[in-house]
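[1] quick one, what's the 3D model for this:
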Amino acid sequence: MSTDDVIDMPAVDMPAPARSAAPAESLAPVPSPRRSRIRTRLAGRAPAPPSPGAALHNVSVATAVLLALVAIGSLIHEPVLIPPLAASAAIIHGAPRLPLAQPRSVIAGHLLCAAVGYAVVAASGSSPWAAALAAGISLAVMTVARTPHSPACATAVVIVLNTPRPATFVPLLAGSAALLVLVGWAASYARPSAPRYPAYWW
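    Okay, the predicted model is just below:
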């Protein structure tokens, strides 16, 4: 076969190679870096929420002990449930490992702040100015005593504004704070997977 015959041969169309199917991952939309940063900032650095079972357990026990305080108050005709104790229950059952939730801080914190509240009332009378002063002094006293418990500052405010009788109020306050601690201790053992409370007693 001559060279001219090879040149005159008709060209044959070759089938194009089949393209491989793109992987499914490449077809999925890729979130933009800007959107990812916004989601990260909105999520924040707060810890993950507890499991539904743990949340139900904590809320149920905290509500039950607060209702018990109301029942005790109804029996003795005294206001046992005050806002600071509700805040204490929330800390004990919501963050049982924090220093603020430990028995030393809960019981001693409320009693120290009660003493501050009555001292401020004796020195300057009952007024919002005196209540604010009592809260600040209470914070200083708890810091020095190593009994940090923020709800106890509100105990001093309640005493300055309402001036309850010390002979009735202080024993009820001490008993209620002790009840919160004991219920928190019992509840931590009632659920096997719950964190043990307290981390320390004193």
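[2] S193 reaches A54, doesn't it?
    Yes. Between S193 and A54 there is a contact under Cβ atoms under 8 Å: 7.3 Å. Where you see a C-beta, it was placed from the backbone N, CA and C, and this is true even at glycine.
[3] out of the two, which sits in the more crowded spot?
    Legend: neighbour count by other Cβ atoms under 10 Å for S193 and A54, higher for A54 (14 against 8).
[4] is the residue lying closest to that one once chain neighbours are set aside in a helix, a strand, or coil?
    The spatially closest residue to A54, leaving aside those adjacent along the chain, is A194, at 6.8 Å (Cβ to Cβ, 6 or more residues apart in numbering). The three-state assignment at A194 reads coil, by DSSP: H, G, I helix; E, B strand; the rest coil.
[5] for A194, give me its contacts.
    Counting by Cβ atoms under 8 Å, 6 or more residues apart in numbering, A194 touches 54, 57, 187-188.
[6] now the buried members of these.
    57, 187-188 (16 or more other Cβ atoms under 10 Å).
[7] which residues does R146 contact?
    R146 neighbours (Cβ under 8 Å, 6+ apart): R104.
[8] could you do the one 4 residues further on as well?
    In this structure, S150 makes contact with 87, 91, 100, judged by Cβ under 8 Å, 6+ apart.
[9] just name the closest of the residues you listed to A62, please.
    I91 (9.7 Å; Cβ to Cβ).
[10] what is the neighbour count of the closest one?
    So I91, with other Cβ under 10 Å, has 21 neighbours.
[11] many thanks, I have nothing further to ask.
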